[in-house]
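*Asks:* predicted model, plus sequence, below.
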Amino acid sequence: MVKTDVIIIGAGPIGLFAIHQLGIKGLKAVVIDNLNKSGGQCIELYPDKPIYDIPAVPECTGEELTKKLLEQIKPFKTDFYFNERVNEVTQDKENWVVQTSKNKKFIAPNIMIAGGVGSFEPRKLSLKEAEKFEGKSLFYAVKNKEEFKGKNISIFGGGDSALDWGLELSKISKVTLIHRRNEFRGAPNTLSEIKKLSEQGKLSIKTPCELVSIEGNESISSIKIKDEDGKTEQIKTDNILSFFGLIMKLGPITEWGLNMDKKHISVDPHNFETNKKGIFAIGDICTYPGKLKLILSGFHEAALASVECFKRARPNEKYRFEFTTSSKTIKDRLGKK
């Protein structure tokens with residue numbers, strides 16, 4: 001069991017800034033996120049779209065903001081647990097115990113829920129036979145591209161993920177890119193490269209087509225696709241990569257006994273604590289009178305919640321507010337001279 005001061009659920013911008021606010025107060029945190037990297041909505045939904053309402057930053061992308069926040073928290077050497085969802089939250093005296101989808105357990109006096117609009121989960125294939133191949137020869141993300149070396153890969157999707165992995169895996173595998181429409185939605189440069197590979201016979205494109213069936217016993221052996229005229233084609237396939245986007249779900253959060261207002265968690269605006277002592281909600285997932293869904297608002301919420309977390313994690317110490325510009329203690333924690 002991992003013991004810490006604060007368990008942060010969500011590695012988006014608000015969760016990342018919470019690490020900073022806790023760190024300068026001398027508190028340790030761990031971060032759990034259902035995605036495979038930091039950034040949350042900023043990275044998954046609009047990594048290249050400009051953001052104009054970050055103070056003193058006239059314009060930045062979601063990816064740039066995430067990189068800056070990660071740089072800001074480097075001194076605190078925080079442990080991240082990606083590709084894990086928090087399934088259970090139980091109370092143990094003054095502490096909270098969290099269990100994840102990988103059966104890891106964490107214990108802390110504080111939990112900060114910075115889950116944005118909930119957890120992101122892949123939109124799965126609707127074929128009934130698909131489920132038995134999941135995690136074996138059907139995947140919704142790539143963790144290690146070397147696992148696909150020398151294999152026949154069928155990639156479904158028309159966005160950046162499908163195009164990027166089609167381009168990358170074509171270097172080591174035989175790739176068939178399948179999309180239900182003629183037009184792809186990815187970056188123009190990537191699409192141009194994909195078309196070149198297709199013309200050179202290094203990658204096959206099937207459009208507009210949809211998946212009809214998956215063949216195989218323990219692992220996939222082939223797939224059947226159908227074009228808009230109803231003509232079917234059998235394609236030898238070792239692995240399917242499906243990139244039909246992500247869906248957002250609150251998931252098990254609704255089962256933790258927290259007061260909910262529609263799909264948001266109600267909090268006390270003085271410290272952003274929920275109806276459960278020691279459980280806080282910050283960012284887009286929380287609601288209170290006058291709530292604004294701004295990144296700036298989430299940063300403010302993280303700062304105030306961190307003060308209450310200190311009081312619970314260090315009950316025998318008095319909290320003393322310090323300015324980062326003049327506090328030697330904070331500068332030491334940040335590694336500044």
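*Replies:* Looks like it arrived, so ask away.

*Asks:* domain-wise, how is this protein divided?
*Replies:* By the assignment in automatic domain parsing, the chain contains the domains 2-121+247-333, 124-244.

*Asks:* highest average neighbour count across the ones you listed?
*Replies:* Most buried of the domains of the chain by mean neighbour count (mean count of other Cβ atoms under 10 Å) is domain 2-121+247-333; its value is a mean of 18. Heads up, the C-betas are built off the backbone N, CA and C, glycines and all.

*Asks:* now it, how far from the centre of its chain.
*Replies:* Its chain's C-alpha centre and that of domain 2-121+247-333 lie 13 Å apart, by Cα atoms, centre = their mean, to the nearest Å.

*Asks:* what mean pLDDT would you report for it?
*Replies:* Here domain 2-121+247-333 scores 93 as its mean pLDDT.

*Asks:* roughly how far does the residue sitting nearest the centre point of the chain sit from Gly10?
*Replies:* Geometric centre of the chain, nearest residue: Leu35, 3.0 Å, by Cα atoms, centre = their mean. Using Cβ to Cβ, to the nearest Å, one obtains 9 Å as the distance from Leu35 to Gly10.

*Asks:* still on that earlier bit, so what's the residue nearest to the centre of the chain up against?
*Replies:* Taking Cβ atoms under 8 Å, 6 or more residues apart in numbering, we find Leu35 in contact with Ala11, Ile43, Glu44, Phe82, Asn83, Phe120.

*Asks:* do the same with Thr66
*Replies:* Contact analysis of Thr66 by Cβ under 8 Å, 6+ apart lists Pro13, Leu16, Ser38, Gly39, Cys42, Ile43.

*Asks:* you'd agree it is in a strand?
*Replies:* No. Applying DSSP: H, G, I helix; E, B strand; the rest coil, one finds Thr66 to be helix, outside a strand.

*Asks:* if I look at it, how far off is Lys311?
*Replies:* With distances taken as Cβ to Cβ, Thr66 is found 30 Å from Lys311.

*Asks:* again, but for Cys60
*Replies:* Separation of Cys60 from Lys311 (Cβ to Cβ) stands at 34 Å.

*Asks:* how about Pro208?
*Replies:* In this view, Pro208 and Lys311 are 59 Å apart by Cβ to Cβ.

*Asks:* helices of the stretch 101-250 of the chain, start to end?
*Replies:* With helices called from DSSP state H, counting those that start in this stretch, the stretch 101-250 of the chain shows them at 160-169, 188-199.

*Asks:* closest to Pro252 out of these?
*Replies:* Of all the helices of the stretch 101-250 of the chain, the one in closest proximity to Pro252, counting by Cβ to Cβ, is helix 160-169 (25.9 Å).

*Asks:* what average pLDDT does that closest one get?
*Replies:* In this model, helix 160-169 has an average pLDDT of 92.

*Asks:* could you export it as CSV, CA atoms only?
*Replies:* In CSV, the C-alpha atoms belonging to helix 160-169 read as follows (Å, rounded to 0.1, in the frame of the first residue of the first chain):
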residue,chain,number,x,y,z
ASP,A,160,-4.8,11.9,-35.7
SER,A,161,-4.3,8.7,-33.6
ALA,A,162,-5.2,6.4,-36.5
LEU,A,163,-3.0,8.3,-39.0
ASP,A,164,-0.1,8.8,-36.6
TRP,A,165,0.1,5.1,-35.7
GLY,A,166,-0.5,4.1,-39.3
LEU,A,167,2.5,6.1,-40.3
GLU,A,168,4.7,4.9,-37.4
LEU,A,169,3.8,1.2,-37.6
